[in-house]
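K.L.:
Need coordinates for the following:
(chains A and B)
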Amino acid sequence: MAQGQKRGPGFYLLAAFFTLFVIFLYGPMLMIFILSFQGTTGGLTLPMRGVSVHWFGDLLTSTRYGDLGGGLTRSILLGLLALVLTTVISLFAGLAFRRRFVGAGPLFYLSIISLVVPGILLGLGISQMFQLLGLRLSWLTSGLVAHLTWTLPFGLLIMFAVLNRFDTSWEEAARDAGARAWATLRLVTIPILFPGLIAVALFGFTLSYDEMPRTLLTVGGKNTLPIEISNMTMTVTTPALYAIGTLTSALSFAVIAISFISIAVIQKRRERRAED
Amino acid sequence: MSEQSRIDIRSVTKAFGAVKAVNNVDLTIDGGSYCCMIGPSGCGKTTLLRMIAGHEQPTSGTIRIGGEDVTHARTGSRGTALMFQNYALFPHLTLTDNVAFSLRVKGVAGDDRRRQAKEMLDRVQLGHLADRLPSELSGGQQQRVALARALITNPKVLLLDEPLSALDEFLRLRMRVELKRLQNELGITFIHVTHTQPEAIALADQVVVMDHGLIEQAASPRDIYNHPHSPYVARFMGGQNVLSGTVTGRDTEGRATVEGSGGIRYDVATEAAVETGQELRFSVRRDHIRRAEAASGHNSLSGTAINIEYQGTFVKVALDTGLREEFIIYMQDDAYFARPIEVGETVHAEWDAAQNHHLIGLNNSTGNPHED
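P.N.:
Down below sits the predicted model:
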C-alpha cells in the first residue's frame, strides 16, 4: 500500500475476516498442543493444573492405549510405499499423457474419479473384491491398494501441472545429441522435473499417512495410526489423547521440514557446482 | 567433405492427418553450402528441417545425407545437429556440461569431455562463463552455447531453426556475420530456416522459398531476386512490383506484347511459350523505375502518391494506380530531392522493357512480405 493513502473500511473488514480464518485454522491445533502438557492431575479441558510431560510418558509406557507404536510403524511404512509408487507411476503416466493416445480422455477421467467417490464406499468395494478373489485383507495389500486410489489421482494432477512447464525441446535436444530413451530420461527429463517429483512424493506420503475412510474397511487385522487414534478417542479420557495429537503433528512437520531442507540442499549444491 | 554432407530429398511428404505440411518435395542441397529455407509460418520449412534432423518421420519419400539413406535413421546418429529456436539448453547443467552432453552420452570420460567442451566454449568466446547455468546468460550468449553444443558432435550438417529470431537487431546482424564465417571455416552444410528475407539473401548460397508445403523456387539469392519464379516469390522476397495483362501479340524482337489496365502496353521477354489472349504476370524491380514527365502508355504506369518514406539511401514512394496492389518506386535520394513529390500528387513512372520479368509460376498468393 502506497504511503499516505488512507485504508478504507474494506481493508479492516478483510483483515478481520483473515484473522478469524487463522484462528479457526490454528486455534484447535494450538489448544491440543497446550493441553497435551497438562499437569498429572489435570483433565481433558481447561484449566491447566500445572505443566508436565507426564502424558507423553504415560502414552509410551502404559498398555491401555492399544498398539500405537505398531500403528505408527505401519503408517510410516505404508506412507513410504505410497510415496515411491505414487511418484514412479505419476511420472510415467504424466509423460504418457503428453501424447494424445486413443482413449486418453476416458482413461484420465477414470483415474480421477476415485477422488470423487466417497472413500468409505471405495474401501468397502476393495474389501469385497479381495474377499471375492479369496485374498486376505491386510494393511500391506488391500490397505496399500486403498491408499493408492487416494494418492495416485493427486500425484497425476500435480504431475500435469509440473509437465505443463516442461519444454519438450529439452528432450529433443538430448536425442539430437545422440541420447537414447533411457539416457534422455535419466540425464534430462528426471533431473529437470526433480523439484516437481519431490512435491508429488510429499503429497503421496502425507495423503497416505493420515488416510482413514478408505483404510477402515481394508486394513485387515492390524490398524494404521489414524485408526488407532480414532479408536482412542472413544476409550481414552486422559490428556494422553492430546499428547498423541502433538506427537503426530510434530512428525508431520518434521517430514515437511526434511523435504524443504533437502530441496534447499540440492539447489545449493547445484549453485555451488555452478560457481566453482 | 562436400560429397559427405550433400543432402538429397526425394518425393518427401509429411502429412499430419489430412494436412500435408510438406507435399512431395524434391530438393538437392550441395555439400558444404549455406542453404536458407524461407516462407511464411506454416509453409512447411520447419517440418522439412525437422525431418532432416530426424525429429519427424516422413510419411513417404527418402532423405539421403552424403548418399546414405537416413530417412529412418535414429536422430543423433545421422550426422546432423539441430540448433533449436529457443536454444533448449538444459537448465540444470552448467555451460560445460551442456556442451559436453553428447560426449557424456557417448561415454567419453569426465575430464576428457570437459576439456573438449571448454575448448568449444572458448571458440564461441564463452570460456570464462564455463561454470555458469544457462539462466545466468543473455540471449546472445545462450545462442552461442547452443551453437557450441551442436558443433561438438562434429556434424556433417548443421540445422538452424530460426536462429536469429529471438535476438535484437544489433545482435542479429553480428550473429549473421558470425554464422557465415563459421560455415566458411568448417566447410559443412548449414541449413537455416528463417522468415526474414534480408537474412536469407545475405547468408545463403541457395535460397529455398516455400509456400503451403511446396517449394516455389530453389536458387541462388541473385536468381531469386532477379528472376522470381512466381508472383508469390516476387512479392514475398520483396523489392518487386507485380503487374499483369493480356497477351495481344509479339513484337519484332520476339517479346510478348501485353496490354495492362488502362490500355498500357508492356514488352515482356517470355521464358516460356505464351499464347495470344492469355493472361500474363510479370515483375518489375522497384529500384529500376524512373519518374517521367508525362504518361507514355508504354512500359509505364501512373498513379497518385499515397505514402512517401525516406530510407536514407533511397526514398520509397507508394502509388495508388487503381490496381489492388500499391505500386512502389525506390528513387535515388538525389533524384528525389531534385524534385520532391507530395502526397496526393499524380506521378508518372516508366522503365526499360528489359526490366519486365515474366513470372512463369502460377502461385499468386501475397505471402506476407516483411517490408524493410
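
K.L.:
Secondary structure class of B:Asp267, three-state.
P.N.:
strand (DSSP: H, G, I helix; E, B strand; the rest coil).

K.L.:
isn't there a strand covering B:Leu27?
P.N.:
Yes - assignment of B:Leu27 by three-state DSSP places it within a strand.

K.L.:
Now it. Nearest residue, chain neighbours left out?
P.N.:
The spatial neighbour of B:Leu27 that comes closest, neighbours along the chain excluded (Cβ to Cβ, 6 or more residues apart in numbering or on different chains), is B:Ile9 at 4.4 Å. C-beta: built from backbone N, CA, C; applies to glycine.

K.L.:
Can you list the strands that the strand or helix carrying that neighbour pairs with?
P.N.:
Per DSSP states H and E, B:Ile9 falls inside strand B:7-16. The pairing partners recorded for strand B:7-16 under DSSP bridges are strand B:19-29 (antiparallel), strand B:60-65 (antiparallel).

K.L.:
could the ones you listed go into a markdown table alongside distance to A:Trp55 and mean neighbour count?
P.N.:
Output for these, formatted as a markdown table (distance: least, Cβ to Cβ, whole Å; neighbours: other Cβ atoms under 10 Å in any protein chain shown):
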| stretch | distance to A:Trp55 | mean neighbour count |
| --- | --- | --- |
| strand B:19-29 | 72 | 18 |
| strand B:60-65 | 77 | 18 |
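
K.L.:
so what's B:Arg222 scoring on pLDDT?
P.N.:
At B:Arg222, the model reports a pLDDT of 93.

K.L.:
tell me which element it is part of?
P.N.:
helix B:221-226.

K.L.:
For the nearest residue to B:Ala73 once chain neighbours are set aside, give me its contacts.
P.N.:
Residue nearest to B:Ala73 in three dimensions, not counting chain neighbours: B:Gly54, with 6.4 Å by Cβ to Cβ, 6+ apart. Taking Cβ atoms under 8 Å, 6 or more residues apart in numbering or on different chains, we find B:Gly54 in contact with B:Val70, B:Ala73, B:Arg74, B:Thr75, B:Gly76, B:Arg78, B:Thr80.

K.L.:
who's in contact with the first one?
P.N.:
Right, the one you point to is B:Val70. B:Gly54, B:Ile63, B:Arg64, B:Arg78, B:Gly79.

K.L.:
Within range of chain B, give me the residues from the stretch 101-250 of chain A.
P.N.:
When proximity is defined by Cβ under 8 Å from any Cβ of the partner chain, the stretch 101-250 of chain A lies next to chain B at A:167, A:169-170, A:172-180, A:183, A:187-188, A:191-192, A:194.

K.L.:
what do you get if the cut-off is 10 Å, keeping everything else the same?
P.N.:
The interface of the stretch 101-250 of chain A toward chain B, taken as Cβ under 10 Å from any Cβ of the partner chain, is made up of A:167-180, A:183-184, A:187-188, A:190-194.

K.L.:
now those: which count as buried?
P.N.:
Neighbour counting by 16 or more other Cβ atoms under 10 Å in any protein chain shown classes A:169-179, A:183-184, A:187-188, A:191-194 among those as buried.

K.L.:
still on that earlier bit, out of the residues of the stretch 101-250 of chain A next to chain B, name the ones that lie in helices.
P.N.:
A:169-176, A:183-184, A:190-194 (DSSP state H).

K.L.:
In the stretch 151-300 of chain B, what residue comes closest to chain A?
P.N.:
Across the stretch 151-300 of chain B, no residue is closer to chain A than B:Thr153, which sits at 6.4 Å (Cβ to the nearest Cβ).

K.L.:
sec struct for that residue, please.
P.N.:
coil.

K.L.:
Direction included, what does the helix or strand hosting B:Cys35 pair against?
P.N.:
Counting by DSSP H and E, the element that carries B:Cys35 is strand B:34-38. Strand B:34-38 has the following strand partners under DSSP bridges: strand B:189-194 (parallel), strand B:206-211 (parallel).

K.L.:
Now render those as TSV, adding distance to A:Arg136 and mean pLDDT.
P.N.:
Listed next are those as TSV, based on distance: least, Cβ to Cβ, whole Å; pLDDT from 0 to 100:
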stretch	distance to A:Arg136	mean pLDDT
strand B:189-194	63	94
strand B:206-211	67	95
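
K.L.:
Include mean neighbour count when you put those into TSV, please.
P.N.:
TSV is the format used below for those (neighbours: other Cβ atoms under 10 Å in any protein chain shown):
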stretch	mean neighbour count
strand B:189-194	26
strand B:206-211	25
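
K.L.:
Give the other helices and strands that the longest helix belonging to chain A contacts.
P.N.:
Ranked by number of residues, the top helix in chain A under DSSP H is helix A:240-275. Where contact means 3 or more Cβ pairs under 10 Å, 6 or more residues apart in numbering or on different chains; DSSP states H and E, helix A:240-275 is packed against helix A:9-35, helix A:54-61, helix A:68-96, helix A:190-209, helix A:225-235, helix B:95-99.

K.L.:
So which of those helices is the most surrounded?
P.N.:
For these, ranked by mean neighbour count under the definition mean count of other Cβ atoms under 10 Å in any protein chain shown, the leader is helix B:95-99 at a mean of 26.

K.L.:
do that one and chain A meet?
P.N.:
Yes - Helix B:95-99 is in contact with chain A by Cβ under 10 Å from any Cβ, via B:Leu95, B:Thr96, B:Asp97, B:Asn98, B:Val99.

K.L.:
now, which of those sits nearest A:Leu60?
P.N.:
Closest to A:Leu60 out of these is B:Asp97 (50.3 Å), distances taken as Cβ to Cβ.

K.L.:
need the contact list for the closest one.
P.N.:
Residues in contact with B:Asp97 (Cβ atoms under 10 Å, 6 or more residues apart in numbering or on different chains) are A:Leu187, A:Arg273, A:Ala274, B:Phe90, B:Arg104, B:Arg113, B:Arg114, B:Ala117, B:Ala130, B:Asp131, B:Leu133.
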